[in-house]
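Student: Sequence and predicted structure below; questions after.
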Amino acid sequence: MLVPSLLRRGVRPTVALLALASASYLVPAHAVPAELSDVGMESRSIQQKETPLPVTGGDNPGAQMGHVFKNAEQEGAGVEQNGLADAVQSDLPPAPGVLGMDVSGWQPNVNWVNEYAKGARFAYVKASEGSYYTSDDFSSQYLGADRVGMLRGAYHFAIPSLTSGAEQARFFIANGGGWSPDGRTLPGLLDIEYNPYPQLGNMCFNMSPAQMNRWITDFTETYRGITGRYPAIYTTTHWWRNCTGNTDVFNFMPLHLASYSHQPGAMPNGWVEQDIWQYSDAGPFAGDSNIFNGTMSDLRGFAANANYRPVGSTRPLVTGKDFIDVPPHHVFYGEVNWLSSNGISRGWEDGTYRPTTSITREVMAAFMYRMAGEPNYSPPARSRFSDVPTSHHFYKEISWLADQGITRGWDDGTFRPDESISREAMATFFYRLAGEPAVVGASPFLDVQRGDTFNREITWLASTGITRGWDDGTFRPQTPVTREAMAAFMYRFTYRP
């Protein structure tokens, strides 16, 4: 929902240019563990300097979906494939699904009866931008869609460098962007895309991927806290790759993908399909034309169900116990929930999982035994480890691990059940559990070299995609494994190629 150039359109700003007072804010950091992350999530605030607000209001309805690319089309400029590409104009839908549209103040006079007659069954309407603009046309457009029988929802054009995600979410909700489970109201839509205002910097608003991801988290968590559900996310694959570091952290939210082509094309990381495809800004509908990826019944479910599962999310299906310290936005929420739903982890009695706590060797044994399906096994009458008596609460699991050759303990005859398990020992356990397969190639990690004790095991772990190491190219073999990372390792081990 990108915006036309004000000067090219000959618009005369009628609202005085306001100055944003010098301010700074810290977006709450839901830090992505460096392990398994594409982008290091440094903790720092976004320092705001005195920046003029974009001029909106009156004859200028601000930014709309696909703003930058619509400008490029009008100027005849080439548009990068997988950004949005060339506009598609056709009365025939390019894919099966339910047709819909989106509009803003740039389309002030929509004939909703005609749009419905052409096949549109849902509409997104721009409600707000940043924390400084609301659309004068929102109410009439929103009601117009509703009166002809369309499902309707509101969208917010994000300006993340000016104010916090929480502030903009509250502003959006206060100006029409709320949600209710009435079966007619679509979830709010966060339009997060190319910066349409040169005075605000580059296409990412001069924000780093870490800053952008924290801002999106701040917005979406605030929206959910107030409305009871997460918003959908509108973006392009090209912008997402560049401005979020191609994170997959948000893939539990519905994806509204802009791609002006005959097919959606590549997806942002974390999704394999889109929920809604914005395929044209040149008809058949007023504003932009969209297709919902499903049936009319599915679309109603998208509107009514606060726990709607995105069509193309690669996150594990959530069916297990929710832990109070692993909220849905957590980077490993799906993996931890998978661990719970498969009976591998039961958490603590206080309802926590304690994701950043190091996992001990005894708990690792229990997890592996349960992951193997809790095979029928009778432990020996006499323990092979001097520090694991037969009365130990994980005696059976530790004995099974040893009988399978997965652990051999220390030379002094101990197992050391209460010690944290290191990443190199974890790699060895998984490698032996897999049957010690052949390993081809060299270690990709700077700190794991040929000749190192566990080089083979760590190299195998990387070759199967179970581990990706840290952003600095290291594996850190002697670092303890956290419980959240273990959930990810176990999920990836189970579903490895």
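Tutor: All right, it came through fine. If you're wondering where the values come from, they're calculated on a predicted model, not measured in any experiment.

Student: ranges for the strands of the stretch 151-300 of the chain?
Tutor: 151-157, 189-191, 232-235, 255-258, 276-280, 288-292 (DSSP state E, counting those that start in this stretch).

Student: Of all the ones you listed, which one is nearest Tyr369?
Tutor: strand 255-258 (37.7 Å; C-beta to C-beta). In this view, the C-beta of every residue, glycine as well, is placed from N, C-alpha and C.

Student: what pairs with the closest one, and is each one parallel or antiparallel?
Tutor: If you go by DSSP bridges, strand 255-258 pairs up with strand 232-235 (parallel), strand 276-280 (parallel).

Student: follow-up on the earlier one: let me have the strands of the stretch 151-300 of the chain in CSV, extended by distance to Thr222 and mean pLDDT.
Tutor: Converted to CSV, the strands of the stretch 151-300 of the chain look like this (distance: least, C-beta to C-beta, whole Å; pLDDT from 0 to 100):
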stretch, distance to Thr222, mean pLDDT
strand 151-157, 12, 98
strand 189-191, 11, 98
strand 232-235, 14, 97
strand 255-258, 19, 96
strand 276-280, 22, 94
strand 288-292, 26, 95
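
Student: could those go into CSV alongside mean neighbour count and distance to Asp447?
Tutor: Formatted as CSV, the strands of the stretch 151-300 of the chain follow (neighbours: other C-beta atoms under 10 Å; distance: least, C-beta to C-beta, whole Å):
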stretch, mean neighbour count, distance to Asp447
strand 151-157, 27, 44
strand 189-191, 27, 39
strand 232-235, 25, 36
strand 255-258, 27, 37
strand 276-280, 27, 44
strand 288-292, 26, 48
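
Student: which intervals of the stretch 51-200 of the chain have sub-threshold pLDDT?
Tutor: The stretch 51-200 of the chain contains residues with pLDDT under 70 at 51-94.

Student: how about a cut-off of 50?
Tutor: Residue ranges of the stretch 51-200 of the chain with pLDDT under 50: 51, 72-90.

Student: where exactly do the helices run in it?
Tutor: Secondary structure of the stretch 51-200 of the chain (DSSP state H, counting those that start in this stretch): helices located at 67-75, 112-117, 138-147, 165-172.

Student: just to revisit the earlier point, closest to Phe323 out of the strands of the stretch 151-300 of the chain?
Tutor: strand 232-235 (24.6 Å).

Student: starting at the chain centroid, how far to the closest one?
Tutor: Between the centre of strand 232-235 and the centre of its chain there are 10 Å (C-alpha atoms, centre = their mean, to the nearest Å).

Student: Same check on stretch 216-226?
Tutor: With C-alpha atoms, centre = their mean, you get 13 Å for stretch 216-226.

Student: Then stretch 267-287?
Tutor: Relative to the chain's own centre, stretch 267-287 is displaced by 17 Å; criterion: C-alpha atoms, centre = their mean.

Student: what do you get for stretch 445-452?
Tutor: Taking C-alpha atoms, centre = their mean, the mean C-alpha location of stretch 445-452 is offset from the chain mean by 33 Å.

Student: Can you list the buried residues in it?
Tutor: 445, 447-448, 452 (16 or more other C-beta atoms under 10 Å).

Student: Next, the distance between the ends of it.
Tutor: With C-alpha to C-alpha, to the nearest Å as the measure, stretch 445-452 spans 12 Å from end to end.

Student: Can you tell me what sits against it?
Tutor: Residues outside stretch 445-452 that contact it (C-beta atoms under 8 Å, 6 or more residues apart in numbering) are 442-443, 454-455, 458-459, 462, 469, 472-477.

Student: Make JSON lines from the strands paired with strand 255-258 and add distance to Gly178 to it.
Tutor: Converted to JSON lines, the strands paired with strand 255-258 look like this (distance: least, C-beta to C-beta, whole Å):
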{"stretch": "strand 232-235", "distance to Gly178": "14"}
{"stretch": "strand 276-280", "distance to Gly178": "19"}
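
Student: Indicate which one of these is closest to Asn269.
Tutor: Nearest to Asn269, of all the strands paired with strand 255-258, is strand 232-235, at 11.4 Å by C-beta to C-beta.

Student: By neighbours, which of the contacts of stretch 445-452 wins?
Tutor: Taking other C-beta atoms under 10 Å as the neighbour criterion, Ile458 ranks highest of those with 27 neighbours.

Student: Double-check that that residue belongs to a helix.
Tutor: Yes - residue state for Ile458 (DSSP: H, G, I helix; E, B strand; the rest coil) corresponds to a helix.

Student: Verify the contact between it and Glu424 for me.
Tutor: Yes - with contact defined as C-beta atoms under 8 Å, Ile458 reaches Glu424; the gap is 6.4 Å.

Student: Which residues are in contact with each of these two?
Tutor: Contacts common to Ile458 and Glu424, judged by C-beta under 8 Å, 6+ apart, are Pro477.

Student: domain parsing for the chain?
Tutor: For the chain, automatic domain parsing gives the domain ranges 67-304, 333-494.

Student: Deepest in the core, which of the ones you listed is it.
Tutor: The highest mean neighbour count among these, using mean count of other C-beta atoms under 10 Å, belongs to domain 67-304: a mean of 21.

Student: Would you mind giving the helices of the stretch 51-200 of the chain as JSON lines with distance to Ala485 added?
Tutor: Formatted as JSON lines, the helices of the stretch 51-200 of the chain follow (distance: least, C-beta to C-beta, whole Å):
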{"stretch": "helix 67-75", "distance to Ala485": "38"}
{"stretch": "helix 112-117", "distance to Ala485": "50"}
{"stretch": "helix 138-147", "distance to Ala485": "45"}
{"stretch": "helix 165-172", "distance to Ala485": "27"}
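
Student: To Glu129, which of the ones you listed lies closest?
Tutor: Of all these, it is helix 165-172 that lies closest to Glu129, at 8.9 Å by C-beta to C-beta.

Student: how big is the angle separating the closest one from strand 151-157?
Tutor: Inter-element angle recorded for helix 165-172 and strand 151-157: 140 degrees (by axes from the mean of the first three to the mean of the last three C-alpha atoms, to 10 degrees).
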